[in-house]
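Student: below are the sequence and a predicted model for it; my questions follow.
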Amino acid sequence: MAIWSWQGPKCICAFLWKIVGNSLLANNIRSVRTNDPSCVRCETDIENLDRALRHCPLARAVWYFLLPWSKHSSFFNLETGLWLLQNLRADAKIGGRIWSQIFAVMLDILWQC
């Protein structure tokens, strides 16, 4: 799937492009400049993209709220690249909205938190 063919706001397409290209600077990379690789939300673990967008307690709470219970295990246990692609390709609807759009917008919001 080409990121630019994703049906959603172009600013979020650009954000997704940065995720796929691993060019967002999470604190594990930024720590070279700041000396603190910890997650800014929970301050306990080293922050990387996967943690910031999926495994941090705040991110987990958001995903638990949005996803049906039956999807929790697979959502949190997939390899990061597969997790991203599978959710961006999903055409399922949740609450009458297309999941891939909900997913991408929430990634952007979680990154900005």
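Tutor: That came through fine.
Student: from here on, contacts and neighbour counts on C-alpha atoms
Tutor: Noted.
Student: residues near Cys56, how many?
Tutor: 24 (other C-alpha atoms under 10 Å).
Student: and the pLDDT for it?
Tutor: The per-residue pLDDT reported for Cys56 equals 88.
Student: check the gap between it and Trp63 for me.
Tutor: With the distance defined as C-alpha to C-alpha, to the nearest Å, Cys56 ends up 11 Å from Trp63.
Student: what does Leu110 give?
Tutor: 10 Å.
Student: of those two, who's got more company?
Tutor: It is Trp63, of Leu110 and Trp63, that has more neighbours when counted by other C-alpha under 10 Å, with 20 against 16.
Student: ok but the more buried one is inside a helix, no?
Tutor: Yes: applying DSSP: H, G, I helix; E, B strand; the rest coil, one finds Trp63 inside a helix.
Student: spatially nearest residue to it, not counting backbone neighbours?
Tutor: Spatial nearest neighbour of Trp63, excluding adjacent residues (C-alpha to C-alpha, 6 or more residues apart in numbering): Arg54 at 7.7 Å.
Student: residues contacting that neighbour?
Tutor: By C-alpha atoms under 8 Å, 6 or more residues apart in numbering, Arg54 lies in contact with Arg60, Trp63, Phe76.
Student: same question for Arg60.
Tutor: Shown in contact with Arg60 (C-alpha under 8 Å, 6+ apart): Arg54.
Student: go on, Asp50?
Tutor: Thr80.
Student: in terms of pLDDT, where does it sit?
Tutor: Predicted confidence (pLDDT) for Asp50: 80.
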